[in-house]
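1. Need a 3D model of the following:
(one chain, ligands or ions: 1)
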Amino acid sequence: MRSVLVTGSNRGLGLAIVGRMLTSKSPPGHVFATCRRPEQATELQNLASCHSNLHILPFDVTDFESYGNLVDRVSDAVKDDGLNVLFNNAGIPGKYSRISYFKASHLIETFTVNTAAPIMLTKAFVPLLKQASRSNKHLPMGTSRAAVVNMSSILGSIGLNKDGGHYLYRCSKSALNAATKSFSVDLKSSGILVVSLHPGWVKTDMGGPNAPMTTDRASQHIAQLLCSLSEEHNGGFYSYDGSPLQW
Ligand code: NDP
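-> The predicted structure is shown next:
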């Protein structure tokens, strides 16, 4: 792929994915790593000092008014090539998991970050994704042409929910999955692939210290999966190892 944008890339999975792309055998010409406070994103700044293709852009996904400005900055860099991959990674865990504790405000906050933001950001980047798809129309559907990857979670699977709870997080990711499906149908004729991804249970601030997988390993799996995505994956929900998950 020539260009990719990853949200929430100052720590956790986002940072690992950005690092993995920059050090891959054929790194993208442009890696846009967005985060809320670039000045505090030391690891990203260190990466930028050795990779001139890394652009660190300030971006709070809840600041919907700023989306146009982000699109303009990406557009200025990629010019007529468009953006190949939008990776909606930023997310929050949802404050309370039990039925008695959470309030409407907690539900709304979680939906704003985990659901409304990736939906609205995809909408904002459709023109640049279409441009990338047109510039690469000789290629089959996939991340080399144009794709949106929504970072979901196995907790968003309704079919696999045997334990209940986690209302905020589960509902926000299930709704994101519903959007993945609709975008995949609506954007198919433009050659843009859209999938939901479960990254595994990963040791990050969100995954916690007991998670079995490191961010390094998870990012390796995710990079492999991104390379393998094709038309048959469009509109699906996949685990990090490429196996399909129930909605
Ligand atoms: P972390 O908590 O480690 O990182 C979350 C990232 O999201 C941070 O960069 C954070 O930025 C960013 N973020 C949160 N709110 C906003 C906002 N309003 N605007 C911009 N950025 C924001 O989580 P993970 O790396 O573990 O999770 C990444 C994704 O993977 C999430 O979507 C999560 O739901 C999903 N996931 C993770 C699993 C795991 O086991 N770790 C399992 C399943 C899914 P800041 O530093 O500014 O807060």
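
2. rest of the way, CA atoms for contacts and neighbours
-> Fine.

3. Could you pull up the residues touching the spatially closest residue to residue 13 that is not a sequence neighbour?
-> Nearest in space to residue 13, with sequence neighbours left out and distances taken as C-alpha to C-alpha, 6 or more residues apart in numbering, is residue 215 at 5.8 Å. Residue 215 is in contact with 12-13, 16, 202-204, counting by C-alpha atoms under 8 Å, 6 or more residues apart in numbering.

4. out of those, who's near the ligand?
-> 12-13, 202-204 (C-alpha under 6 Å from any ligand atom).

5. can you tell me which of these are in helices?
-> 12-13 (DSSP state H).

6. Tell me the one of the ones next to the ligand among the contacts of residue 215 nearest residue 187?
-> Using C-alpha to C-alpha, residue 13 comes nearest to residue 187 of these, at 26.5 Å.

7. isn't that closest one right up against residue 219?
-> Yes: shown here, residue 13 and residue 219 form a contact pair, counting by C-alpha atoms under 8 Å, at 7.0 Å.

8. packing partners for the lowest-mean-pLDDT helix or strand in the chain?
-> None of the helices or strands of the chain scores lower by mean pLDDT, DSSP states H and E than helix 104-111, at a mean of 95. In terms of contacts (3 or more C-alpha pairs under 8 Å, 6 or more residues apart in numbering; DSSP states H and E), helix 104-111 is packed against helix 167-186.

9. re earlier: downstream of the least confident helix or strand of the chain, the next helix or strand is which one?
-> Where DSSP states H and E defines the elements, the next helix or strand beyond helix 104-111 is helix 117-135.

10. starting at the chain centroid, how far to that following helix?
-> Here the centre of helix 117-135 is set off from its chain's centre by 13 Å, with C-alpha atoms, centre = their mean, to the nearest Å.

11. And the contacts of the helix or strand following it?
-> Moving toward the C-terminus from helix 117-135, the next helix or strand (DSSP H and E) is strand 147-151. Identification of contacts with strand 147-151 by C-alpha under 8 Å, 6+ apart yields 84-90, 118, 122, 129, 176-177, 180, 192-199.

12. Convert strand 147-151 to PDB, retaining C-alpha atoms only.
-> Taking Å, rounded to 0.1, in the frame of the first residue of the first chain, the C-alpha atoms of strand 147-151 are listed here in PDB:
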ATOM      1  CA  ALA A 147      -9.700  -0.300   2.300                       C
ATOM      2  CA  VAL A 148     -11.200   0.600   5.600                       C
ATOM      3  CA  VAL A 149     -10.300  -1.500   8.600                       C
ATOM      4  CA  ASN A 150     -12.400  -1.000  11.700                       C
ATOM      5  CA  MET A 151     -10.900  -2.200  14.900                       C
END
